[in-house]
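In: Please work out how this folds:
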Amino acid sequence: MSCCDGIVYMYSLSSEEPKLLKKLDGLIKSLETEAESSSKVFWHPDGRAFAVPTATRDLQVVSRMDWENQRIFKNGHSSDISAVAWSPNGAILVTTSIDRKLLLWDTKDQRVFKSYDDVRATILAMQWHPTENILSYTNNDGELYIHTDFVPEDHDHLLQKALQAAPFIHDPLDETNGNDRRQITTELQNERSHRGRGRTPDSLDEIFGYEEDGDGFIEDDDGAGYTEQVNGHGKRTNGHLDRIDGDRPAKRFVPSWQPEIHEPFQPGSTPWRGDRRYLCLNLTGVVWTVSQETHHTVTVEFYDREFQRDFHFTDPWMYDKGCLNEHGTLFACKSRGKEPAMLYYRPHETWTTRTDWRIPLPADEEVTAIALSENYIVCLTSANYVRIYTLFGVPISIHRQKSSPAVTCAAWRDYVLTVGNGPATADGRTQLLYSITNVRRSETHQNEDILALAAGARLTSVFFSDAGDPHAYDSAGTLLVCAGWRTPGQARWVPVLSAAGAAAQRRAARPDDALWPVAVAAGHFHCIVLRAGERHPPFPRPLLAELEFAAPLPAAGAGADADAGAGAPADDARVLEARFVLASVAHALLDDLVAHTRASHAQKGELRRLQVEADKVLLQLLAVECREGEERGMKGLEIVGLMADREGRMLEAAQKVASRYGREVLRSKIAELAERRLVGLDGDDEE
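Out: This next block holds a predicted model:
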């Protein structure tokens, strides 16, 4: 055969040497078995992607991380592809088709650099030598070919490279988005190491037909014992060697301990899903981008198209972060070569004097996270700086966080929330510390306080609600609200929704369902329900779900009272207790707002309504306890003591409830409590 510059060895099954015939038969069967078992799925050496032939006679690379299509090797073959082989380091791909055309591709740019058109017969399976520039293959005529110097000399340097990554459009492992934490599990490590072993010198075991029990087609013809004392890979062990006296076990290398820090992420954004990703998802709209290799295309869509119009533009800067509100859209991009990282703000009010602007960052800084409010633009950088600009691009503040590295940020009106890594805990992970600052007044409400997360949980998103309360959502499916944050040292993270509570509200909920947080508005949690083990919103964009808050308390019908059946008094009490907890949280949040701001008349009226609502829930809970009997009187009196009503109306209603159920002793105790409150002797004023 004359298609290669090197030496070509061709072995035919009609050879008269029985020993060689047996060896070649084993090799051919091994290659054919591999071709049949692969079902035309060809794994990349790094184990993170595989290639499959398409109906258009191209070769499509697919990521095993998210099963999205990546790069494609196209315009090479005019007939169906019959065999594919990656070089041991993944830098070269060789493909062949049934029209007997053999192509060599550079996997970095998916271009053909060598073509052979004089192949003898259709190739069924191919195999690279693990260390040399040699390719072997079998064809449908039952022949084995071994080509030396297969790759031309001008491209031989590609085989000398280290292991190359699979040809992704965007490599998932290069993402810095903490919403998708990429940890290589032990199972995946073992699987990759096993697959990678097939491209090391040990792969000769596979070429020459060794099985796990060490029984291959090489036989001990001369009785020299070559097949004795073999290990699990068909190799001879060192058991036949004499022991060297005084040898000591090798010292184990123990790497230095490093804390596990939380990766930075942009709230509301997703990793690349094939050639597209979401830059921002909130109640205003959605920003998503599509990779065109040399540039990106960005689309901004609004839910309320009567107020705002969608727009679309070509993005040569390749923005990887975005924020959206009613007034404008903020973008950020990484540095590229000599081009520094950059911020880009595009206002929606184009008919006014506002114009879009770009601000480059210093050459040694990258954008970690950005946030956009009605008044300010916030940028966290890799130098641990917090840079704050006006909507016209005027820098008004720059300071360095105490907690580093920075993780994420959020903004609302004049307030900025920043999160960073703090000291390491006993489990080796760093605590997250947060700060809340009023930019206009230069006041710090919370300074490097601990963001309380569940053990082992990761922060997934942070955002402000429509009322301006900071919220956090973690990987355990818990939604937290920061209550009392306007008073230094008084902030506490209160759970208002758990994964179990969210699942109870959805009739079609499945165990593997997850929630993607979007916003908290009008007293509800807005999110996207992810199905079938998904971790990020798919394309096209799914609809938003609206969930009510649900305190993480025991569910009705659980525990010792489960035998009482549905609708038992214990169930009613648990439902009312959960409602009271949430009503108290809502009242505390609004009370904190009214106490520290110039509250409107409507806000003060809403505060009174929430107080009455909480007292009504307690009144219903009192009725449940009264039905249980006189022995529950002390608990009933305690419930009445939780009422915040100071005018006596609720206490009067509580006396009527006790009288209705014939609890006269409880009624008299409630009357005494009402008198004490009337004269101001209740609570801390008691002696």
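
In: Is Ala553 in contact with Arg579, as I believe?
Out: You called it Ala, but residue 553 is Leu. No. Counting by CB atoms under 8 Å, no contact exists between Leu553 and Arg579, whose distance comes to 10.0 Å. For the C-beta atoms, the positions are set from N, CA and C on the backbone; glycine is no exception.

In: So which of these two has more stuff around it?
Out: Shown here are Leu553 and Arg579; by other CB atoms under 10 Å, Arg579 has more neighbours (20 against 16).

In: quick one: low-confidence parts of the stretch 351-500 of the chain?
Out: 351-354 (pLDDT under 70).

In: can you pull out the helices in it?
Out: All helices of the stretch 351-500 of the chain, identified by DSSP state H, counting those that start in this stretch, fall at 499-505.

In: just so I have it, where are all the strands in it?
Out: Applying DSSP state E, counting those that start in this stretch to the stretch 351-500 of the chain gives strands spanning 357-360, 367-372, 376-381, 385-390, 395-400, 406-412, 415-424, 430-438, 443-450, 459-464, 470-474, 479-483, 492-497.

In: As a markdown table, the ones you listed with mean neighbour count and distance to Val679 would be great.
Out: Below are the strands of the stretch 351-500 of the chain laid out as a markdown table (neighbours: other CB atoms under 10 Å; distance: least, CB to CB, whole Å):
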| stretch | mean neighbour count | distance to Val679 |
| --- | --- | --- |
| strand 357-360 | 14 | 64 |
| strand 367-372 | 25 | 51 |
| strand 376-381 | 24 | 50 |
| strand 385-390 | 19 | 53 |
| strand 395-400 | 12 | 52 |
| strand 406-412 | 25 | 44 |
| strand 415-424 | 22 | 42 |
| strand 430-438 | 21 | 41 |
| strand 443-450 | 16 | 38 |
| strand 459-464 | 24 | 43 |
| strand 470-474 | 24 | 41 |
| strand 479-483 | 23 | 32 |
| strand 492-497 | 21 | 33 |
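
In: Mind putting the ones you listed into a markdown table with distance to Lys40?
Out: Below are the strands of the stretch 351-500 of the chain laid out as a markdown table (distance: least, CB to CB, whole Å):
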| stretch | distance to Lys40 |
| --- | --- |
| strand 357-360 | 48 |
| strand 367-372 | 42 |
| strand 376-381 | 46 |
| strand 385-390 | 52 |
| strand 395-400 | 55 |
| strand 406-412 | 43 |
| strand 415-424 | 46 |
| strand 430-438 | 46 |
| strand 443-450 | 53 |
| strand 459-464 | 38 |
| strand 470-474 | 42 |
| strand 479-483 | 46 |
| strand 492-497 | 46 |
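
In: which one of these lies closest to Phe168?
Out: strand 367-372 (22.1 Å; CB to CB).

In: Tabulate the CA atom coordinates of that closest one in PDB.
Out: What follows is strand 367-372, C-alpha atoms only, in PDB (Å, rounded to 0.1, in the frame of the first residue of the first chain):
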ATOM      1  CA  VAL A 367     -14.500  40.700  37.000                       C
ATOM      2  CA  THR A 368     -15.700  38.200  39.700                       C
ATOM      3  CA  ALA A 369     -19.400  39.300  40.000                       C
ATOM      4  CA  ILE A 370     -21.500  42.400  39.100                       C
ATOM      5  CA  ALA A 371     -24.800  43.800  40.500                       C
ATOM      6  CA  LEU A 372     -27.100  46.500  39.200                       C
END
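
In: what's in contact with it?
Out: Residues from elsewhere that reach strand 367-372 (CB atoms under 8 Å, 6 or more residues apart in numbering): 264-267, 321-325, 328-330, 332-334, 341, 343, 361, 377-382, 405-411, 416-417.

In: do that again at 6 Å, thanks
Out: Identification of contacts with strand 367-372 by CB atoms under 6 Å, 6 or more residues apart in numbering yields 264, 266, 321, 323, 325, 330, 332, 341, 378-382, 406, 408-411.

In: Ok, stretch 63-81 next?
Out: By CB under 6 Å, 6+ apart, stretch 63-81 touches 48-49, 53, 57-62, 95, 97-99, 103, 105, 110, 112, 167-169, 172, 273-274.

In: in it, what counts as buried?
Out: Ser63, Arg64, Met65, Asp66, Glu68, Gln70, Arg71, Ile72, Phe73, Gly76, His77, Ile81 (16 or more other CB atoms under 10 Å).

In: and that stretch, how far out from the chain's middle?
Out: Centroid separation for stretch 63-81 versus its chain: 25 Å, with CA atoms, centre = their mean, to the nearest Å.

In: Provide the backbone phi and psi angles at the nearest residue to Gly641 once chain neighbours are set aside.
Out: Among residues not flanking Gly641 along the chain, Leu673 sits closest, at 6.6 Å (CB to CB, 6 or more residues apart in numbering). Backbone geometry at Leu673, expressed as degrees, to the nearest 10, gives phi -60, psi -40.

In: Run through the bridge partners of Thr430.
Out: Note on Thr430: beta-bridge partners Ala424, judged by DSSP bridges.

In: again with Asp449
Out: Per DSSP bridges, the residues bridged to Asp449 are Tyr434.

In: residues contacting the closest residue to Asp645 other than its chain neighbours?
Out: Leaving aside its sequence neighbours, Asp645 sits nearest to Asp615 (CB to CB, 6+ apart; 5.3 Å). By CB under 6 Å, 6+ apart, Asp615 lies in contact with Met643, Asp645, Met650.

In: List only buried entries from the residues you listed.
Out: Met643, Asp645, Met650.

In: so where's the stretch 551-687 of the chain shaky on pLDDT?
Out: Scanning the stretch 551-687 of the chain for pLDDT under 70 picks out the ranges 555-569, 682-687.

In: which stretches of it form helices?
Out: For the stretch 551-687 of the chain, helices defined by DSSP H, counting those that start in this stretch occupy the ranges 569-596, 601-628, 633-641, 649-660, 664-678.

In: Can you convert those helices into TSV and add a column each for distance to Ala91?
Out: Below are the helices of the stretch 551-687 of the chain laid out as TSV (distance: least, CB to CB, whole Å):
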stretch	distance to Ala91
helix 569-596	58
helix 601-628	65
helix 633-641	73
helix 649-660	77
helix 664-678	82
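
In: of all those helices, which lies closest to Thr430?
Out: Short answer: helix 569-596, nearest of these by CB to CB, at 28.3 Å.

In: Show me which residues of that closest one are buried.
Out: Those would be 570-593, for helix 569-596 by 16+ other CB under 10 Å.

In: Please state the offset of that helix from the chain centre?
Out: 32 Å.

In: Also stretch 308-319?
Out: Relative to its chain's centre, stretch 308-319 lies at 25 Å (CA atoms, centre = their mean).
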